[in-house]
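# Structure for the following, please:
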Amino acid sequence: MLGLRPTTAERPRHVDAPRTAVDATASVDTVLAQVLRERLDGAHRTDPVFARDLAERVSAFVRQGGKRLRTAFAWCGWRAAGGSGDATAVLRTGAALELVQACALMHDDVMDGSRLRRGAPAMHVEFERLHSATAMTGPPEGFATAAAVLAGDMALAWADDLLTETALGSPHGTRLHRHWREMRTEMVAGQYRDIHAQATGASGLDEAVAIATLKSALYTVERPLALGACLGGADDRTLHALRSAGRCAGLAFQLRDDLDGAFGDPAVTGKPADDDLRTRKLTYLLAVALTLAGAAGDKAAAHTLAPGTAARPHDAVERMREALRRTGAQAAVEAKIAALATASLRHFEASGAEPDVRREFAALVERASGARPARLGEAPCGR
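Predicted coordinates for the structure are as follows:
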């Protein structure tokens, strides 16, 4: 890591290890608050207009909430690898994960045209309102899109700075940074595969799994577990078991998100319930429905779910929902989620984690996937 070390003024205060994953999510908010204060101070020193309009909105978005699942999984990986005592590094890594998540959400909302996030206006909608409120000239949409992309870039830069500072101060920094670097590349690859699938009208199961894995499963669970495990000094066997557990749990998480995107209540999920269907996004749910429709000879369902050239109106979205139910895709995805969650626990147990950490992980998997994992059985973490 270039042989550098943080100066005394930069070194974070010692933080005792949270006793549970829930405690870790509470502790990371304290760390985030400190980090964001420092970043905002720097932004105001750089330029007051940029700080007021953009940096403060990024900070507010990060503080606005989220489940902090990535921090909780990083803590589980750290504890599974034997981590204890000073939890400063793992919590700062968790804070960096929350910042990179903010970047992903802001950019994703721009690309998908989603106007609601975490129960509030998406970042590009915030900038549309700023444009109107301050009587700016030119198209508000163009300004809003550009500003939201920059806001996401800012969140990513803050995340990278924080992770790099943490790695520089850790004896495991080189390994930690390698997993972080690979995670960022995977995220971009997954997002590109997502828009590529929409542009080409893709419908295949393998492609849907690849997108779900790259775009969500890896950076939601697998990489956070690995990052935490690196800080705990995990050996290769432990790291392999944790990554396998994370891939299964991450896929279960994304499949639940697919179901919420088609059938969820926006008042509960904090985001629209028809964006995926309106834009005919390739999800595992959609791919399963088309496969089942083909096997059953349900030409009406296959036609309803087939690629189109424009966003679909409300009545078409309702027909898609009905097709997803009628083909059995909704039930099939629910079963797949349960199988993946169960497999995840089996892999996690193979890491040698202590029973209390296994219980914490099981509760997190249930929270992320919406399924209570069985204690027996296993399923492949893929198609």
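# Strands along the protein, start to end?
Under the criterion DSSP state E, the chain contains strands at 116-117, 120-121.
# Minimum distance to residue 40: which of the ones you listed has it?
Residue 40 lies closest to strand 120-121 among the strands of the chain, at 19.6 Å (Cβ to Cβ). Heads up, the C-betas are built off the backbone N, CA and C, glycines and all.
# Give me the sheet partners of that closest one and which way each runs.
Strand 120-121 sits in its sheet next to strand 116-117 (antiparallel), going by DSSP bridges.
# Out of the strands of the chain, which gets nearest to residue 44?
Closest approach to residue 44 among the strands of the chain (Cβ to Cβ): strand 120-121, 23.9 Å.
# Tell me the gap between the closest one and the middle of its chain.
How far strand 120-121 lies from its chain's middle: 18 Å, per Cα atoms, centre = their mean, to the nearest Å.
# which residues sit against it?
Where contact means Cβ atoms under 8 Å, 6 or more residues apart in numbering, the residues beyond strand 120-121 that reach it are 64, 115, 129, 270.
# again, only using 10 Å
Strand 120-121 has contacts (Cβ atoms under 10 Å, 6 or more residues apart in numbering) with 60, 61, 64, 65, 109, 115, 126, 127, 128, 129, 270.
# low pLDDT regions in this structure?
The chain contains residues with pLDDT under 70 at 1-16, 271-273, 309-311, 374-380, 382-383.
# show me the contacts for the residue nearest to the spatial centre of it.
Centre of the chain computed as the mean C-alpha position; nearest residue by Cα atoms, centre = their mean is residue 220, 4.4 Å away. Residues in contact with residue 220 (Cβ under 10 Å, 6+ apart) are 69-70, 73, 97, 101, 104, 246, 249-251, 253-254, 257, 368.
# Please report the distance of it from residue 67.
From residue 220 across to residue 67, the span is 10 Å (Cβ to Cβ, to the nearest Å).
# List only buried entries from the contacts of strand 120-121.
61, 109, 126, 127, 128, 270 (16 or more other Cβ atoms under 10 Å).
# Closest to residue 178 out of these?
In terms of Cβ to Cβ, no member of the buried ones among the contacts of strand 120-121 lies closer to residue 178 than residue 61, at 28.4 Å.
# and that closest one, what does it touch?
Here residue 61 is in contact with 102-103, 105-106, 117-118, 120, 122-123, 126, 151-152, 155 (Cβ under 10 Å, 6+ apart).
# try it again with 7 Å
Contact partners of residue 61, counting by Cβ atoms under 7 Å, 6 or more residues apart in numbering, are 102, 123.
# Restricting the selection to alpha carbons, write stretch 281-291 to PDB.
Provided in PDB are the C-alpha atoms of stretch 281-291 (Å, rounded to 0.1, in the frame of the first residue of the first chain):
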ATOM      1  CA  LYS A 281     -36.000  -5.400 -16.900                       C
ATOM      2  CA  LEU A 282     -34.400  -8.800 -17.200                       C
ATOM      3  CA  THR A 283     -34.800 -10.300 -13.800                       C
ATOM      4  CA  TYR A 284     -34.600 -13.900 -12.600                       C
ATOM      5  CA  LEU A 285     -38.300 -13.800 -12.000                       C
ATOM      6  CA  LEU A 286     -39.000 -12.800 -15.600                       C
ATOM      7  CA  ALA A 287     -36.700 -15.400 -17.000                       C
ATOM      8  CA  VAL A 288     -38.300 -18.100 -15.000                       C
ATOM      9  CA  ALA A 289     -41.700 -17.000 -16.100                       C
ATOM     10  CA  LEU A 290     -40.800 -17.200 -19.700                       C
ATOM     11  CA  THR A 291     -39.200 -20.600 -19.300                       C
END
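# ok, residue 305 touching residue 290?
Yes. Applying Cβ atoms under 7 Å, one finds residue 305 in contact with residue 290, separated by 5.5 Å.
# about what we covered before: looking at the strands of the chain, which is closest to residue 188?
Across those, residue 188 has its closest neighbour in strand 116-117 (19.9 Å, Cβ to Cβ).
# and the closest one, how far from the chain's centre?
On Cα atoms, centre = their mean, the centre of strand 116-117 falls 15 Å from the chain's centre.
# Also stretch 277-297?
Taking the mean of its C-alpha atoms, stretch 277-297 sits 23 Å from the chain's own mean (Cα atoms, centre = their mean).
# which ones are touching residue 24?
Residue 24 touches 18, 71, 72, 75, 91, 94, counting by Cβ under 7 Å, 6+ apart.
# Find the nearest non-adjacent residue to the third one, please.
Nearest in space to residue 72, with sequence neighbours left out and distances taken as Cβ to Cβ, 6 or more residues apart in numbering, is residue 21 at 4.1 Å.
# Could you pull up the residues touching that neighbour?
Contacts of residue 21 by Cβ under 7 Å, 6+ apart are 72, 75, 76, 360, 364.
# of all those, which two lie farthest apart?
The largest separation in the contacts of residue 21, counting by Cβ to Cβ, is between 75 and 364 at 9.3 Å.
# need the contacts of strand 120-121 in TSV with distance to residue 176, can you?
What follows is those, written out as TSV (distance: Cβ to Cβ, whole Å):
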residue	distance to residue 176
60	29
61	26
64	27
65	26
109	29
115	36
126	33
127	34
128	38
129	39
270	31
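# which of the residues you listed lies closest to residue 210?
residue 109 (22.2 Å).
# where does the spatially closest residue to the closest one that is not a sequence neighbour fall, phi/psi-wise?
Closest residue to residue 109 apart from its sequence neighbours, by Cβ to Cβ, 6+ apart: residue 122 at 4.1 Å. The phi and psi values for residue 122, taken as degrees, to the nearest 10, are phi -60, psi 160.
# contacting residues around residue 122?
Contacts of residue 122 (Cβ under 7 Å, 6+ apart): 109, 114, 115, 116.
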